[in-house]
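*Asks:* predicted coordinates and the sequence they were generated for:
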Amino acid sequence: MTNTAPRRSGPWTVATADVTAPEALDLLREYYYDVANRYYRLHFDREGAPEELESGLAGSPSDDLAAPDGLFLIGRHDGVAHSCAGLRRLDATTAELTRVFVRPGLRGTGGGAVLLAAVDRAARSLGAERIVLDTRLDLIEARTLYLRNGYREIPAYSQGPYAEIWYGKDLTAVARQVG
């Protein structure tokens, strides 16, 4: 029997990165292709055509994931960029989590949890007391990751064709538990 478990060698590390750097743009493209193709398969029973995917990617800029009101994180496994997440400040105490991605071959290796722990620290550095996000119902792995890392379902705070469920995390409660 072949072992199909994800490899667990080497630690995960996470650091802020320039959202316009080539490796950030590569991860964002992979993220977009992954979620868009899942949507196309679910709703149209096909993969997205390259021109559809590139057009959608161009229509979803990530330039707001930079200072002063945002930031971008890259997670590395064995020193290679394999995950990402972005934060943007919505108001003085709320940050929105977006573009969360772990390459499929490394899902289940703990990288998502390490990435979300870094997200918490980064959100606090932006002055956030709360993180919110919206996602699609079919993105089961992401939803499971959020729930396992302290997020809870909240009322809708945004609208859009891909916003089907909303989650939030109170960072002040987490800080009180740790402190």
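*Replies:* In hand now; what should we look at? Residues are numbered from 1 along each chain as shown.
*Asks:* low-confidence ranges in the protein?
*Replies:* By pLDDT under 70, the low-scoring segments of the chain are 1-10, 174-179.
*Asks:* let's see 80
*Replies:* Scanning the chain for pLDDT under 80 picks out 1-10, 173-179.
*Asks:* run through the strands of it in chain order.
*Replies:* Assigned strands in the chain, in chain order: 12-17, 70-77, 80-91, 94-102, 130-135, 152-153, 165-170 (criterion: DSSP state E).
*Asks:* quickly run through the sheet partners of the shortest one, with directions.
*Replies:* Note on strand 152-153: by DSSP bridges, its sheet partners are strand 165-170 (antiparallel).
*Asks:* point to the residue nearest the middle of the protein.
*Replies:* The chain has Val100 as the residue nearest its centroid, 1.1 Å off, counting by CA atoms, centre = their mean.
*Asks:* ok, that one - contacts?
*Replies:* For Val100, the residues meeting the contact criterion (CB atoms under 8 Å, 6 or more residues apart in numbering) are 31, 84-85, 112, 115-116, 133, 142, 145. All C-beta atoms are positioned from the backbone trio N, CA, C, and that covers glycine.
*Asks:* how about the residues you listed, which pair is most distant?
*Replies:* Tyr31 and Leu116 (15.3 Å; CB to CB).
*Asks:* tally of neighbours for the closest residue in space to Leu145 that isn't next to it in sequence?
*Replies:* Leaving aside its chain neighbours, Leu145 sits nearest to Gly112 (4.5 Å; criterion: CB to CB, 6 or more residues apart in numbering). Residues near Gly112, counting by other CB atoms under 10 Å, number 25.
*Asks:* quick one: the helices in this protein, in order.
*Replies:* For the chain, applying DSSP state H gives helices covering 22-44, 50-58, 111-125, 140-148, 171-178.
*Asks:* can you tell me which of the ones you listed is most buried?
*Replies:* Using mean count of other CB atoms under 10 Å, the stretch among the helices of the chain with the largest mean neighbour count is helix 111-125, at a mean of 19.
*Asks:* Trp12 is in contact with His77, correct?
*Replies:* Yes - using CB atoms under 8 Å, His77 is in contact with Trp12, at 5.4 Å.
*Asks:* who has more neighbours, the two?
*Replies:* Higher neighbour count among His77 and Trp12: His77, with 24 against 21, using other CB under 10 Å.
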